[in-house]
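Asker: no letters, just coordinates:
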């Protein structure tokens, strides 16, 4: 998709893009077709020069992720019962508790995986989606990097859900101690999935399109 | 730039579609998420329970978000927050109660914190050790409007509000033995419980609230008495040592019992306060002695000293308590010219104890007293008991008392006439009793008794007394030896054996159809027996000789007695020693032997000839018998008379010396022997066949 090298970037020189050249590449197998072709002749995937309604999908998934993220923080993530004494921990509550116990490292990991990364992702996606429409302060390359980081790191937010799943499976000692996933675990997992879909829906070529329009 | 305007390049863009047509269906996803989230939020909010607030003195263990509220052990809510009331006076616990339960929580609700508790009644709240405390609530669901603010109790209430029964208040001097939840017993059955004792407002007594469960609360009347049934009670009285132990629970945690000892109590009024007596006896006694508020006061004036009479002493009438002494006061009167100190004693008479109907008041009591006084009833001091010096007042009937009447108009109380008491001097009486005891001649009595005992002992230890049983035993031994004599017992055996053999032989003979010959032989035997009878006629002569001897002996002088007796004995000896007599048993035996051997041969041989020979032998044997026993009956008779005479003779000599005794013995033996022979003969005579047939 990115057709020119970094050394050629810049506002000075306009670059010949595929769209300008009247070409469209199959986003599945990569075969190049002439503009106007509906389907890839090789793999029969639909051909689009730019993903249709990309921004709409980004915003839709983003919003769904945000909706799911609210109960994930309000409701308890873990229900831990020890000797009939049940404690419910929300994500932030758990982090605070860990810090009170002095486990700063674990608290940091949980906080970054469960709070920082999801929140960062929301901000980053929203920023990217807005920046393709309006003038951006960040350079195009930086935004491209930001997009790559967001797409890469999104899946690591699932670490929290994994921890809950593993604990619930392992710690089942009836009365002595037992761990059950709370409502927040489900909504958190949904939230992560929605934001990942949101990031995937974002067509990074839009970043460069915006750049070209600026130049013209 | 140039002057010539150049037209701008026409922007070619596709026709803009309407914004709603541009919408991607992907928007349904966040829409659905939003709708679901909102729905859940709305649902949880709408289902959120009502908030009630309970103020506790102390909320140890109550945690926001964890501590549950339970009704009948079912969780109906969770503590939402724990705060303080203004001024930090109390802990305000806010509880979110389930929506469907909250409308029923009304002003009857009671809340308390359930904690583990170990008491004599048992262990409760054990589950809270691990799971933490919880708040328990009870209320009576009725039509009252729901409430949201409550006062929490410090501990489990004594009474479940749903429970029917009556609350009462007990008043005691001390509350050491009772605790919260101590049982209340009626005749040993638990019918209620107490709350923890508390002091009354000014600290002079202990107030114990108690609850009597329905339907037992019907047993309560104003006359009911309560007493402390805690622990055990040891008393020592005329009935000996008495130990009263209630239930084990009462032993540990204390307990209260009640009973209504007498009738007449009205129905219990609300707020009734009962006195708690230390034990049953006291409660029982006081049941009859307690003077109620309706008591009627009268007074009486005693001239004599009243030392020993105290306020509260009993007023008795015909042995029963009808009231008590109220106050004692002295005053000076100058009735007889010079000042005299008199004692004014106030008496409180209880109409109920007097037996007057319920509702009887002062008028009825005074009417009764007036008529009683007219018939001779007077007050009098008397001793409360034999050994104490305390006094009581009693109303006694003194028909011969000087006439007096009840002064109903006297102040402050009507005056009851009295008579001087004849208070016995207990000391004098006791001294008199002692003196009389002293005067008893106890020593003499004892001496006589000792002497008597000595005599009895001497008699008992006397050798002759002790020998008596021995002599008796010897006598019995002799008798036993006589009976056990071998010869005596052997005779029937021998006879039996012979007869048995005979019988078998006869059977054999019968079988060989020789009964006819046998009959012949029997005829012979019969003849022989007849001869035998005639032969024995000779015996009387012998006896006559003996008679002569006896006559002689009778004529003998005393000095010749011994010689005569010796002669007599010699004669007797000779008689017994005569061949005829001596050979008699031998001959008999021989005959029997012969019969036996013959029978044996008969049996062995089995021939008719032998049988014939045998019968011949039997015949001859019978003849021999005939000879031998010819004289036997006479002999026996003479022997008899001889013995009789000898006895007479010897009896004539009075004193029974050894010689006489021996003589007599010999003669008796002789007589017996002769009688035996005679019997045998008579037997043979009557039934000769028996020798053969054994019957």
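Answerer: Now that the structure is in, tell me what you want to look at. Model, not experiment: these values are computed from the prediction.

Asker: now residue B:411. Its backbone dihedrals?
Answerer: The phi and psi values for residue B:411, taken as degrees, to the nearest 10, are phi -110, psi 150.

Asker: run a quick neighbour tally on it.
Answerer: 8 (other C-beta atoms under 10 Å in any protein chain shown). C-beta: built from backbone N, CA, C; applies to glycine.

Asker: state the distance from it to chain A.
Answerer: 79 Å (C-beta to the nearest C-beta, to the nearest Å).

Asker: for chain A, just list every one of the helices.
Answerer: A:54-74, A:91-100, A:104-111, A:117-131, A:140-153, A:159-170, A:183-201, A:205-215 (DSSP state H).

Asker: taking helix A:91-100 as reference, get the angle to the third one.
Answerer: To tie it back to what came earlier, the one meant is helix A:104-111. For helix A:104-111 against helix A:91-100, the angle by axes from the mean of the first three to the mean of the last three C-alpha atoms, to 10 degrees is 170 degrees.

Asker: before we move on, the earlier item: tell me which of the helices of chain A sits nearest to residue B:155.
Answerer: Proximity to residue B:155, assessed across those by C-beta to C-beta, is greatest for helix A:91-100 (34.3 Å).

Asker: which positions within the closest one qualify as buried?
Answerer: A:91, A:94-95, A:98 (16 or more other C-beta atoms under 10 Å in any protein chain shown).

Asker: what of stretch B:436-455?
Answerer: Going through stretch B:436-455 with 16+ other C-beta under 10 Å, nothing comes out buried.

Asker: do the same with stretch B:340-354
Answerer: Within stretch B:340-354, the residues that qualify as buried by neighbour count (16+ other C-beta under 10 Å) are B:342-354.

Asker: cool, and stretch B:43-63?
Answerer: Of the residues in stretch B:43-63, those with enough neighbours to count as buried (16+ other C-beta under 10 Å) are B:49-50, B:52-56, B:59, B:62.

Asker: between these, which sits nearest residue B:275?
Answerer: Ranking the buried residues of stretch B:43-63 by separation from residue B:275, with C-beta to C-beta as the measure, puts residue B:56 on top at 34.8 Å.

Asker: could you list the low-pLDDT ranges of chain A?
Answerer: Under the criterion of pLDDT under 70, the regions of chain A flagged as low confidence span A:1-14, A:84, A:136, A:211-216.

Asker: residues from it in reach of chain B?
Answerer: Taking C-beta under 8 Å from any C-beta of the partner chain as the contact definition, chain A meets chain B at A:52-53, A:56-57, A:60-64, A:67-68, A:70-71, A:83-86, A:88, A:190, A:194, A:201.

Asker: can we see that at 6 Å?
Answerer: For chain A, the contact set with chain B under C-beta under 6 Å from any C-beta of the partner chain comprises A:53, A:56-57, A:60, A:63-64, A:67-68, A:83-84.

Asker: that older thread, widest-spaced pair of the buried residues of stretch B:340-354?
Answerer: Between all members of these, the longest pairwise span (C-beta to C-beta) is found for B:342 and B:352 and amounts to 30.9 Å.

Asker: show me chain A divided up by domain.
Answerer: Residue ranges for the structural domains of chain A, counted by automatic domain parsing, are given in the record as A:1-49, A:51-215.

Asker: the longest one: how far from the chain's middle?
Answerer: Relative to its parent chain, domain A:51-215 has a centroid offset of 8 Å by C-alpha atoms, centre = their mean, to the nearest Å.

Asker: same question, the shortest one
Answerer: Its chain's C-alpha centre lies 25 Å from the corresponding centre of domain A:1-49 when counted by C-alpha atoms, centre = their mean.

Asker: let me know the pLDDT of residue B:69.
Answerer: What the model reports as pLDDT for residue B:69 is 90.
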